[in-house]
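In: Give the three-dimensional model of this entry:
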Amino acid sequence: MLEPRSIAVVGASVKTGSLGESMMAELQRGGFEGAIYPVNPGYDEVAGLRCYPSITEVPEPVDLAILGVANQRVEQALTGAAASGAGSAVTFSSLYEETSDGPDLRERLRAIAVEHGMAMCGGNGMGFVNQISKVRATGFLTPEVIRRGPVTFLSHSGSAFSALAFSDRGLGFNLLVSSGQEVVSTTADYMAYALDQEETRVLALLLETVRDPEGFVAMLQRAAERDVAILALKVGRTAASQPMVTAHSGALAGEHGAYEALFDAYGVHEMRSLDELADTIELFSSPRRVRRGDGIASVHDSGGERAMFVDLAGDLGVPFASVSDATIARIADTLDPGMESSNPLDAWGTGIDGDRIFREAFAAFADDPAVSASVFCVDMTLQGEPYDEGYLRLAREAYDATAEPFCVLSNLASAVTQDEIRMLRDAGVPVLEGTENGLRALGHLLDDAAFRARPPVEAAAQVDHAMRARWRDRLSTGVPLSELDGLALLAEYGLETAAARPASSAQAAAEAAAAIGFPVVLKTAAPEITHKSDVDGVRVGLIDADGVRDAYDDVSARLGPEVTVAAMVPSGIEMALGVITDPTFGPLVLVGAGGVLVEVLHDRALALPPLDAAGARRIVDRLSDPPILDGVRGAEPADVDSLVDAIVRLSILASDLGDVVAAVDVNPVIVGAKGCVAVDALVELPRD
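Out: The predicted model follows:
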């Protein structure tokens with residue numbers, strides 16, 4: 001499909017402005033060198049080529065059939081293409097039809113294509129542009145010239161496909177695909193093709209969903225092995241946007257946390273906007289990647305804009321390099337009197353001999369091994385000077401003088417003078433448009449280095465096979481687990497749990513408390529109640545038998561006779577751990593803020609199991625408020641190592657049992673100064 005030798009254009013036309021005319025024009029403008037067969041019973045000739053009344057009358061089976069027909073004719077058109085021996089097809093049709101009994105149009109088209117072994121792009125997309133094979137299989141206007149380069153862009157949005165193609169930044173693409181509903185061929189299939197191309201260095205994705213999870217994950221792994229950067233703009237992240245995605249593509253958006261976990265595991269850089277995507281594509285299109293250092297160095301010509309840059313870098317977590325005292329002294333010797341030598345650097349003083357000052361500052365930063373990437377932060381407005389003068393020359397000289405990443409960042413995108421900036425881009429210098437998007441792109445460049453530096457994941461600890469089999473058998477019965485069963489499950493997988501016993505009378509509760517040792521907690525064990533605090537079903541800090549009996553009488557009168565009596569755990573930070581089985585990507589491990597605020601704060605991070613200690617620590621660090629674990633207001637730091645160990649052990653449980661549970665909720669987990677204890681457990685089984 002992507003490298004056809006012959007193409008049939010079904011619906012070809014000479015009518016000005018029609019889809020049929022555009023399909024032919026795009027193929028010819030793109031320079032396709034194979035055979036083109038227009039198909040339309042209304043014409044004898046289209047665009048100087050013989051036109052055939054039916055695809056079955058084309059003199060050879062074509063590799064690709066471009067179907068420029070309406071929804072009501074697309075099934076007939078695909079059937080004819082399949083019957084004629086076409087190897088693949090593209091359709092732009094929305095595939096909408098009124099609801100009726102039996103398979104819908106999308107399902108019928110898929111059945112035809114699969115039966116005949118056809119690849120298929122669409123529907124509800126804009127086709128593809130393959131610079132490698134010079135094929136523009138689209139009926140929509142594309143630029144006269146698209147720069148050939150190392151980027152593949154795969155999009156579920158046709159508008160985004162067009163926007164990046166028409167961007168005046170001169171981004172270099174080898175392949176652009178608007179895959180639409182992916183009736184047959186999926187994003188994973190296009191990724192496989194792109195990763196077979198030696199020139200591909202960047203895979204940019206706009207995703208609504210993933211329709212081939214196994215294939216998609218395999219391609220993420222392959223990209224990581226090939227050191228190809230993946231930049232993903234995943235839409236449908238919020239509850240408000242998910243119905244829009246579903247309505248547009250017929251695909252379920254799912255819980256975005258699963259994508260966060262997947263992206264973290266494979267080093268995928270998540271974008272938040274097309275502007276951020278464009279800046280990051282440009283930065284990663286350069287062959288230079290971070291090889292050293294601990295942050296960026298920036299040179300500015302404005303004190304105010306430098307302060308703004310520092311503020312935004314702090315907000316976004318983009319670090320500045322810890323340059324040496326020698327570097328600071330070297331720069332200080334070049335500055336005008338009264339100017340501060342620092343990173344970031346405001347190098348503009350009187351303007352006298354400014355070029356020398358900038359040049360020597362860039363050289364000093366380039367020589368410092370702490371600098372991962374250098375940034376020239378200036379507003380690239382009209383320079384009014386020849387290319388061999390001013391900031392344009394300084395930027396190119398600085399770029400040429402180092403092998404490390406270097407870019408120009410213009411703080412106001414709308415003020416960038418594209419004609420002059422093109423001079424830098426033609427010389428290979430990345431130019432980022434806008435402070436925030438540029439900083440985000442630089443953050444991704446640093447993250448890329450951190451991902452590449454990760455050591456291999458350590459093998460998970462082995463668990464007893466008989467124990468695993470026993471729990472799989474128990475969970476597969478469909479009989480719900482009690483809280484005590486859940487705690488027993490956790491304990492067998494090596495998590496520390498609070499001592500607990502069941503009781504169904506006041507006296508039994510008092511005896512259980514005495515056996516455990518005071519103080520204790522009493523909580524309802526009614527099977528239909530999952531959130532005990534919400535129904536006032538928990539009593540804590542009970543210090544004697546009379547207190548336990550009184551608590552039992554109160555709770556049982558309202559919520560039933562079954563209770564659990566558990567040991568009081570020493571105070572600490574309340575965390576929540578869990579296992580969630582995502583319908584697309586399978587079991588995930590969750591870590592978040594715990595206790596009654598878990599759903600209010602919504603501070604959580606997810607990861608793919610199994611995890612080693614480094615991976616578990618990374619997921620803790622991804623939380624919004626991990627510093628609370630370090631101790632605040634004089635509190636002793638929490639035992640994060642024990643929390644990390646609990647996460648690792650829970651991840652092994654997730655790997656072993658994730659297919660036979662829907663969720664495991666361990667909330668709260670008390671992380672104290674010495675140790676980490678699970679005090680509550682809820683195991684949810686899959687629903688039929």
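
In: Let me see the mean pLDDT of the strand or helix carrying Ala508.
Out: Using DSSP states H and E, Ala508 sits in helix 506-516. For helix 506-516, mean pLDDT is 97.

In: quick one: buried residues of that helix?
Out: Of the residues in helix 506-516, those buried by neighbour count under the rule 16 or more other Cβ atoms under 10 Å are 506, 508-513, 516. Any C-beta I mention is one placed from the backbone N, CA and C, and that applies to glycine too.

In: Please compute how far that helix lies from its chain's middle.
Out: Remark: helix 506-516 is offset 51 Å from the chain centroid, using Cα atoms, centre = their mean, to the nearest Å.

In: That helix: what's the following helix or strand?
Out: Defined by DSSP H and E, the subsequent element after helix 506-516 is strand 520-524.

In: What count of nearby residues applies to Gly80?
Out: 19 (other Cβ atoms under 10 Å).

In: Over to Ser54?
Out: Using other Cβ under 10 Å as the criterion, Ser54 is surrounded by 15 other residues.

In: and it, what does it touch?
Out: 39, 41, 80 (Cβ atoms under 8 Å, 6 or more residues apart in numbering).

In: quick one, what contacts the nearest residue to Arg106 once chain neighbours are set aside?
Out: For Arg106, ignoring the flanking residues on the chain, the nearest one in space by Cβ to Cβ, 6 or more residues apart in numbering is Leu95 at 5.1 Å. Going by Cβ under 8 Å, 6+ apart, Leu95 touches 71, 74, 105-106, 109, 123-124, 181, 183.

In: closest to Gly578 among those?
Out: Checking the contacts of Leu95 against Gly578 by Cβ to Cβ gives Gln181 as the nearest, at 33.4 Å.

In: for the stretch 251-400 of the chain, which spans come out with low pLDDT?
Out: 251-255, 382-389 (pLDDT under 70).

In: just the strands in it please.
Out: 269-270, 295-300, 345-346, 371-377 (DSSP state E, counting those that start in this stretch).

In: which one of the ones you listed lies closest to Val683?
Out: Among these, the nearest to Val683 by Cβ to Cβ is strand 269-270 (31.1 Å).

In: what's that closest one packed up against?
Out: strand 229-234, helix 256-266, helix 435-452 (3 or more Cβ pairs under 8 Å, 6 or more residues apart in numbering; DSSP states H and E).

In: Out of those, which one sits most buried?
Out: strand 229-234 (a mean of 23; mean count of other Cβ atoms under 10 Å).

In: what's the angle between that one and helix 435-452?
Out: Strand 229-234 and helix 435-452 are oriented at 130 degrees to each other (axes from the mean of the first three to the mean of the last three Cα atoms, to 10 degrees).

In: And strand 229-234, how far out from the chain middle?
Out: 6 Å.

In: could the contacts of Ser54 go into TSV alongside distance to Arg292?
Out: Shown next, in TSV, are these (distance: Cβ to Cβ, whole Å):
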residue	distance to Arg292
Val39	58
Pro41	65
Gly80	59
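
In: What about those residues, which are in strands?
Out: Members of the contacts of Ser54 lying in strands (criterion: DSSP state E): Val39.

In: Let me have the contacts of Ser54 in a markdown table, adding pLDDT as columns.
Out: Formatted as a markdown table, these follow (pLDDT from 0 to 100):
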| residue | pLDDT |
| --- | --- |
| Val39 | 98 |
| Pro41 | 96 |
| Gly80 | 97 |
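
In: Which of the contacts of Ser54 lies at the shortest distance from Gly304?
Out: Among the contacts of Ser54, and counting by Cβ to Cβ, the member closest to Gly304 is Val39, at 62.5 Å.

In: Not counting residues beside it along the chain, what's closest to Glu45?
Out: Cys51 (5.5 Å).

In: Do I have it right that the one you found meets Ile36?
Out: No - using Cβ atoms under 8 Å, Cys51 is not in contact with Ile36; the gap is 10.5 Å.

In: Can you give me the neighbour number for Gln221?
Out: Neighbour tally, Gln221, other Cβ under 10 Å: 12.

In: Please look at it and Val268 and confirm they touch.
Out: No - counting by Cβ under 8 Å, Gln221 stays clear of Val268, with 11.2 Å between them.

In: Any chance you could list what contacts the helix or strand where Ser556 lies?
Out: Using DSSP H and E, Ser556 falls within helix 545-559. Residues outside helix 545-559 that contact it (Cβ under 8 Å, 6+ apart): 503, 505-507, 509-510, 513-514, 520, 522-524, 526, 529, 535-537, 539, 542, 563, 565.

In: next one: phi and psi at Tyr52?
Out: The phi and psi torsions at Tyr52 (degrees, to the nearest 10) take the values phi -100, psi 140.

In: bridging residues for it?
Out: Per DSSP bridges, the residues bridged to Tyr52 are Val39.

In: residues contacting it?
Out: Each residue near Tyr52 by Cβ under 8 Å, 6+ apart is listed here: 8, 37-39, 58.

In: Quick one: which of those residues is the most crowded by neighbours?
Out: Neighbour tally across the contacts of Tyr52 (other Cβ under 10 Å): the maximum, 30 neighbours, falls on Val39.
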